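Engineer: below are the sequence and a predicted model; questions follow.
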Amino acid sequence: MVKMMAKTGMMRRLGGAFLILFAIFLLPSGLAEWQKPVQPSFSGGDLTCLIPHPLDASKVLVASERQIFESDRANAWHELWSQSDIRFPISRLFTFPVLPGHVFAMTPGKIIMGDLKNRSWRTIYQDSGKPPLSFAVHPEDPNRWFLGTEKGLYETPDAGRTWAPSKLLPSSGPILLLYFEGQRLFIADPHALHLAASGAPARSVFEAPQPPEVAWDENSEPSVEDEKNFFAPAIHDLISTQSGGQRLFLATRNGAFQSTDGGFSWTPLSQSGLESREILQLAYSEKEARLYAATPRGVYGYDARAERWTELFQGLAKDRAQSIAILDNKKLTAITADGFVQYPLTGFRPEGSAPVTIGLPPQETLSLFRKLVSSEPSAREVQKKVIRYADVGNGKIKRWHAGSRIAAALPAFSVGKNFDRSASVTTYSGKYITGPDDVSRGWDADVGWDLGDMIYSSDQTSIDSREKMMVELRNDFLSEVTRIYYERRRLQIDIVFTPSASEQEHLERLLRMDELTSLLDGMTDGFFSKQLDVIYTENPRLSRLWEFKPTDGGCRMKDDEKTTTNQETVYGQPTV
């Protein structure tokens, strides 16, 4: 009996230690998370891009498909410009130091310039035959502008009054990106990055990685993903640091690259930690000396010492990010599938820094939390439910393959009926006589086998292409549901180990947990909430985990230098 009691006590201590380690490793890096403030109006369509305000580093300019907004210090939004033409959605915003107080908005058919001081707007370029793709202003001549179009590079010496083909890059192909760094103009076409230094003709300095060749099957249609990769631009963004302009970063379809010699040579950054190799946009924090990337799989920060990307996902329900910007070296802002969000940079803890101090709740709370973790559905159970609900399991493909072979053993049976009637005409003594009609009737039947299809059927090629699409779709579902599942688990640990400072903050955290639960329900046909109903019905004491417990800010911390007493504490407050 003594041995059993000792063993039980040891197991409890090990379980407690495991939970603490579990909390330490799963807690977010720092206490920061994405915040979703008041959103701009969505009457003009989805949000598309953002840039820092050129006159106030604490503000931001955000564009939707048909509107441009300006933020203020109170997180309110003011509309600067709007249009009703849905044919020209806004795709990019540009600002330039040589033209302070001006913003340029690019659409598929024209470019609009706005004066932020007097709120006036005018069209500086419009040509449906040569749609604009990129734009830049010479850093020393505010009247000399460069425009990349689908049919080559153009420039104007008189602020948009006249446009002519540029001699820097005599090409009639698409110009996807233009970027000035001092006297150097970087020009990107679909396959390479070119550098024009001090007005000299551009020369190639970077060849964009090409996607792997796809063997097209003439009997099957390419998938949407194949088409997207085939036509997608290879180079998306280019930025530089403020330290002399010698260090630059390039965002491509196949990862990020850096240059330390002003853009003449490029080396790839590590892709460790990235779920998507495609980098859509980059931002650099001078204060942290840290690179950030927007990808189809979320926002990532790059740790140069560890050569690894870390995903910043805390607080996001959907991970896709398409535009990012840093405001006053204090906030990282982004346009994601959740809308406009922001992330405090002071809360980001890079690898190798001091560990986060974890609050140690009382033993009763830890026991309840251990019981909850063991009772809730596991990640694998949730993944199985997602596969079943979305009908993306391997069983369907196996049935198709088996069915295509079994079909070869079945005969191809056809039945035909022939009925023919024709008029009968004869001549007698110079007269035409119509006789009885000639009528013919017939039946035919045919039975055939193509036993070669039992070895290899032509349907296999079509099934294989659809299997590839299903695997990609299943991976997308599983990646999303796994991220949401563990985001919810981290939030639970955060609530238990780090008491809220106010009741409002506590309710916001509970609301976030309910939002994540609803997202899991949407992908599992309500499976997660049904399981939670059973768990809390059988164990009503688990609800105590989510009660707000006022605190004076003190927590019993995990610290070897502090002594503990036999008196029970609840989040640092002794009970009488």
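Structural biologist: All right, it came through fine.
Engineer: next, the buried residues of stretch 253-261.
Structural biologist: 253, 255-259 (16 or more other C-beta atoms under 10 Å). The way it works is simple: take the backbone N, C-alpha and C, and place the C-beta from them, glycine included.
Engineer: residue contacts, residue 94?
Structural biologist: 51, 103-106, 135-136 (C-beta atoms under 8 Å, 6 or more residues apart in numbering).
Engineer: residue 387 contacts residue 393, doesn't it?
Structural biologist: Yes - counting by C-beta atoms under 8 Å, residue 387 does reach residue 393; the two are 5.0 Å apart.
Engineer: if you count surrounding residues, which of these two has more?
Structural biologist: The neighbour count for residue 387 versus residue 393, taken as other C-beta atoms under 10 Å, is higher for residue 387 (18 against 13).
Engineer: surely that one is in a helix?
Structural biologist: Yes - judged by DSSP: H, G, I helix; E, B strand; the rest coil, residue 387 forms part of a helix.
Engineer: separation between the spatially most distant residue from the centre of the chain and residue 436?
Structural biologist: For the chain, the largest distance from the centre (C-alpha atoms, centre = their mean) belongs to residue 429, which lies 92.9 Å off. Separation of residue 429 from residue 436 (C-beta to C-beta, to the nearest Å) stands at 20 Å.
Engineer: pull out the buried positions in the longest helix seen in the chain.
Structural biologist: Longest helix in the chain, counting residues (DSSP state H): helix 459-497. Residues of helix 459-497 classed as buried by neighbour count (16+ other C-beta under 10 Å): 459, 462-463, 465, 467, 470, 474, 477-478, 480-481, 483-485, 487-497.
Engineer: between residue 387 and residue 393, which contacts overlap?
Structural biologist: Each of residue 474 lies in contact with both residue 387 and residue 393 under the rule C-beta under 8 Å, 6+ apart.
Engineer: what's around residue 36, how many residues?
Structural biologist: If we define neighbours as other C-beta under 10 Å, then residue 36 has 15 of them.
Engineer: ok, it to residue 336 distance?
Structural biologist: 9 Å.
Engineer: what's the overlap in contacts for those two?
Structural biologist: With C-beta under 8 Å, 6+ apart as the test, residue 36 and residue 336 reach no residue in common.
Engineer: residue 326 pairs with what?
Structural biologist: Listed by DSSP bridges, the beta-bridge partners for residue 326 are residue 332.
Engineer: tell me the pLDDT of it.
Structural biologist: On pLDDT, residue 326 comes in at 93.
Engineer: what does residue 466 give?
Structural biologist: Note for residue 466: predicted pLDDT of 78.
Engineer: so who does it touch?
Structural biologist: With contacts defined as C-beta under 8 Å, 6+ apart, the neighbours of residue 466 are 397, 400.
Engineer: what's the first helix or strand after the helix or strand containing residue 294?
Structural biologist: Secondary structure assigned from DSSP states H and E places residue 294 in strand 290-295. Downstream of strand 290-295, the first helix or strand assigned by DSSP H and E is strand 298-303.
Engineer: need the next SSE after that next one, C-terminal direction.
Structural biologist: Next element after strand 298-303 (DSSP H and E): strand 308-312.
Engineer: give me the contact list for that next one.
Structural biologist: 29, 34, 270-275, 292-293, 297-303, 332, 343, 348, 351.
Engineer: switch the cut-off to 10 Å
Structural biologist: Outside strand 308-312, the residues within contact range by C-beta atoms under 10 Å, 6 or more residues apart in numbering are 28-29, 32-34, 255-256, 269-275, 279, 290-293, 295, 297-303, 319, 321, 332, 334, 343, 348-351, 483.
Engineer: in the stretch 301-450 of the chain, which spans are helices?
Structural biologist: Per DSSP state H, counting those that start in this stretch, the stretch 301-450 of the chain carries helices over the ranges 363-375, 379-390, 394-409.
Engineer: same for the second one, what does it pack against?
Structural biologist: The criterion is 3 or more C-beta pairs under 10 Å, 6 or more residues apart in numbering; DSSP states H and E, and the helices and strands that helix 379-390 contacts are helix 394-409, helix 459-497, helix 503-524, helix 527-538.
Engineer: show me the contacts for residue 300.
Structural biologist: Here residue 300 is in contact with 256, 273-276, 279, 291-294, 308-313, 321 (C-beta under 10 Å, 6+ apart).
Engineer: run through the bridge partners of the nearest residue to it once chain neighbours are set aside.
Structural biologist: In space, and not counting its chain neighbours, residue 300 is closest to residue 309: 4.2 Å by C-beta to C-beta, 6 or more residues apart in numbering. Residues in a beta bridge with residue 309, per DSSP bridges, are residue 302.
Engineer: look up how far residue 269 lies from residue 309.
Structural biologist: The gap separating residue 309 from residue 269 is 8 Å, by C-beta to C-beta.
Engineer: neighbour-wise, which of those two wins?
Structural biologist: Ranked by neighbour count (other C-beta under 10 Å), residue 309 and residue 269 place residue 309 first, with 24 against 20.
Engineer: check contacts around residue 64.
Structural biologist: For residue 64, counting by C-beta under 10 Å, 6+ apart, the contacting residues are 40-49, 82, 89-90, 335, 340.
Engineer: keeping just the C-alphas, turn stretch 318-325 into CSV.
Structural biologist: In CSV, the C-alpha atoms belonging to stretch 318-325 read as follows (Å, rounded to 0.1, in the frame of the first residue of the first chain):
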residue,chain,number,x,y,z
LYS,A,318,-7.6,33.1,-40.5
ASP,A,319,-4.0,33.1,-41.4
ARG,A,320,-3.7,34.4,-45.0
ALA,A,321,-1.9,37.8,-45.1
GLN,A,322,-1.5,39.9,-48.2
SER,A,323,0.0,43.2,-47.0
ILE,A,324,2.0,44.3,-44.0
ALA,A,325,3.6,47.5,-42.7
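Engineer: can you give me how far it is from the chain middle?
Structural biologist: Computed by C-alpha atoms, centre = their mean, to the nearest Å, the chain-centroid distance of stretch 318-325 equals 6 Å.
Engineer: please apply the same query to stretch 237-255.
Structural biologist: The answer for stretch 237-255 is 21 Å, by C-alpha atoms, centre = their mean.
Engineer: give me the buried positions along that stretch.
Structural biologist: Neighbour counts over stretch 237-255 (16+ other C-beta under 10 Å) mark 237-241, 247-253, 255 as buried.
Engineer: same question, stretch 46-54
Structural biologist: 47-54.
Engineer: kindly report the same for stretch 124-132.
Structural biologist: Result for stretch 124-132 [16+ other C-beta under 10 Å]: buried residues 124-125, 127, 130-132.
Engineer: ok, stretch 371-379 next?
Structural biologist: Result for stretch 371-379 [16+ other C-beta under 10 Å]: buried residues 372, 376-377.
Engineer: can you name the residues in contact with it?
Structural biologist: 15, 19, 22, 382-385, 478, 481-482, 485-486, 488-489, 492-493, 496, 520, 524, 527-528, 530-532, 534-536, 538-539, 541-542, 545-546.
Engineer: go again with 7 Å.
Structural biologist: Residues outside stretch 371-379 that contact it (C-beta atoms under 7 Å, 6 or more residues apart in numbering): 482, 485, 528, 531, 535, 539, 542, 545.
Engineer: before we move on, the earlier item: lowest-confidence member of the contacts of residue 64, which is it?
Structural biologist: residue 42 (83).
Engineer: next, it: phi, psi?
Structural biologist: When read as degrees, to the nearest 10, the backbone of residue 42 gives phi -100, psi 10.
Engineer: what's the spacing between it and residue 380?
Structural biologist: Residue 42 is 37 Å from residue 380, by C-beta to C-beta.
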